[in-house]
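Q: Give me the fold of what follows.
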Amino acid sequence: MYFAHSPEEPHMTLSTGSYRIGVLALIMADACGSTTAPASPPPPGPTGSPPPTTTGAPMPGESPTPAPPPATPAPVAPTPAPSPGVAPAPDAAPAVTPPSPTGPGKILFEFTDPLPPMVMSHPSGDVTWIDDPTEGRVVRFRDVDAGDAKERSEIDMPKDLLNNGDTVWVGWKARLELAHPEQAWRNLFQEKSYGSYQENVPFCLRADANTLRLLDQNAKTIWTHPMILNSWFSIVMKIVYATGKAGTIELWINGEPQKFTDGTNVGHLGTWGGGQQNMHWGVYRKGIVQGTDIHDVSHLRVATTQALVTPP
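A: Numbering: from 1, shown residues only. The predicted structure follows:
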């Protein structure tokens with residue numbers, strides 16, 4: 001090691017002591033690494049960003065930084081084996097839309113708002129929708145004294161819905177207010193033929209002499225029941241349309257199957273009069289009946305299945 005000297009002075013060598021001191025300084029510098037001042041740290045990056053990474057060979061005396069080990073995947077829980085004797089749960093079945101509560105079949109006719117027009121043969125009284133505290137919206141047939149030989153407050157269905165050979169169901173809930181239930185006949189329901197026919201009225205449901213009656217095409221009584229007044233009751237009929245004794249009727253009152261006058265649950269009669277045919281509901285009575293008669297009707301339907309016509 002040499003020390004600076006002035007240009008005027010001759011070249012000088014270090015003394016032995018100075019030489020030893022210089023050598024010691026060099027040894028210490030080599031042992032501690034380079035005596036060169038460390039480089040200034042890089043300026044900080046944006047807030048929250050890590051400092052820049054430097055690459056290259058390590059400095060003398062430094063060990064290279066080892067690469068980080070690969071990430072260990074998270075352990076996966078094994079699927080437990082099913083318990084002995086227990087079958088694994090099946091996959092959930094896809095959602096299925098439940099069937100209609102009324103089931104299959106076809107509705108042929110029911111009352112709607114506005115109502116069909118009244119039958120205009122011997123009209124009297126009126127037909128209207130009313131609010132009933134038990135049944136809600138119902139149809140009221142009101143027949144009044146009109147001084148006519150017959151008095152009618154009725155609605156019928158279209159004439160092209162029924163056919164000979166059909167099996168048809170009809171049902172409704174009825175409530176009767178009759179001024180004189182002991183007097184002459186009142187038809188509450190009837191089948192009526194049109195055009196070329198053999199029977200004008202193949203059958204009807206009638207109230208007279210404090211009795212409910214079902215009559216055949218010859219006006220013969222084939223079923224009776226004590227009169228039901230001022231309370232709701234249900235009526236359901238199954239009708240097989242045919243001429244002669246091939247036609248049949250089955251009848252339920254308040255869900256109870258009814259026996260006919262011959263002791264059976266099936267009435268055999270000519271249910272098809274020929275030509276065209278339809279159904280009438282309301283009050284159609286003999287003119288000598290006095291006072292106001294009311295027939296309230298709820299949940300009326302004509303359909304192809306029992307489920308569709310059975311009132312709630």
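Q: Helices along this protein, start to end?
A: For the chain, the helices defined by DSSP state H cover 16-32, 306-309.
Q: ok, now which ones touch Ala174?
A: 188, 228, 232-235, 295-298 (C-beta atoms under 8 Å, 6 or more residues apart in numbering). Heads up, the C-betas are built off the backbone N, CA and C, glycines and all.
Q: Among those, which lie within strands?
A: Taking DSSP state E as the definition of strands, these contribute 188, 233-235, 295-298.
Q: thinking again about what came up before, top of the contacts of Ala174 by number of neighbours, please.
A: The most crowded member of those, judged by other C-beta atoms under 10 Å, is His295 (26 neighbours).
Q: ok, of the helices of the chain, where does mean pLDDT dip lowest?
A: Ranked by mean pLDDT, the helices of the chain bottom out at helix 16-32, which scores a mean of 38.
Q: Find the nearest non-adjacent residue to Ala149, please.
A: Leaving aside its sequence neighbours, Ala149 sits nearest to Gly287 (C-beta to C-beta, 6 or more residues apart in numbering; 4.7 Å).
Q: how many neighbours does that neighbour have?
A: Per other C-beta under 10 Å, the neighbour tally for Gly287 reads 15.
Q: Please tell me how far it sits from Arg186.
A: Counting by C-beta to C-beta, to the nearest Å, the gap from Gly287 to Arg186 is 11 Å.
Q: Make sure Asn127 is actually in contact with Arg140.
A: One correction, residue 127 is Val, not Asn. Yes: under the contact definition of C-beta atoms under 8 Å, Val127 touches Arg140, with a separation of 7.1 Å.
Q: For these two, indicate the residue with more neighbours.
A: When Val127 and Arg140 are compared for neighbours, Val127 comes out ahead with 24 against 19, by other C-beta under 10 Å.
Q: partner residues bridging the more buried one?
A: Phe141 (DSSP bridges).
Q: coming back round to it: quick one: common contacting residues for Gly287 and Arg186?
A: Between them, Gly287 and Arg186 share no contacting residue under C-beta under 8 Å, 6+ apart.
Q: got any ranges where the chain has weak pLDDT?
A: Applying pLDDT under 70 to the chain flags residues 1-103.
Q: so what's Glu256 bridging to?
A: Going by DSSP bridges, Glu256 forms beta bridges with Ile253.
Q: what's the distance between it and Val236?
A: In terms of C-beta to C-beta, Glu256 sits 10 Å off from Val236.
Q: if you count what's nearby, which of those two comes out ahead?
A: Legend: neighbour count by other C-beta under 10 Å for Glu256 and Val236, higher for Val236 (21 against 10).
Q: wait, isn't that one in contact with Val168?
A: No: contact criterion C-beta under 8 Å: Val236 and Val168 do not qualify, at 11.7 Å.
Q: Output the contacts of Ala174 as a markdown table; include the columns distance to Asn164.
A: Compiled in a markdown table, the contacts of Ala174 are given as follows (distance: C-beta to C-beta, whole Å):
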| residue | distance to Asn164 |
| --- | --- |
| Leu188 | 25 |
| Ile228 | 32 |
| Trp232 | 34 |
| Phe233 | 31 |
| Ser234 | 28 |
| Ile235 | 24 |
| His295 | 29 |
| Asp296 | 32 |
| Val297 | 27 |
| Ser298 | 30 |
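Q: Do a quick rundown of the strands in the stretch 101-250 of the chain.
A: 107-110, 126-132, 136-143, 150-156, 167-178, 186-194, 204-208, 211-215, 221-226, 233-240, 248-253 (DSSP state E, counting those that start in this stretch).
Q: could you dump these to TSV with distance to Phe260?
A: Shown next, in TSV, are the strands of the stretch 101-250 of the chain (distance: least, C-beta to C-beta, whole Å):
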stretch	distance to Phe260
strand 107-110	25
strand 126-132	31
strand 136-143	27
strand 150-156	26
strand 167-178	17
strand 186-194	17
strand 204-208	13
strand 211-215	8
strand 221-226	5
strand 233-240	12
strand 248-253	8
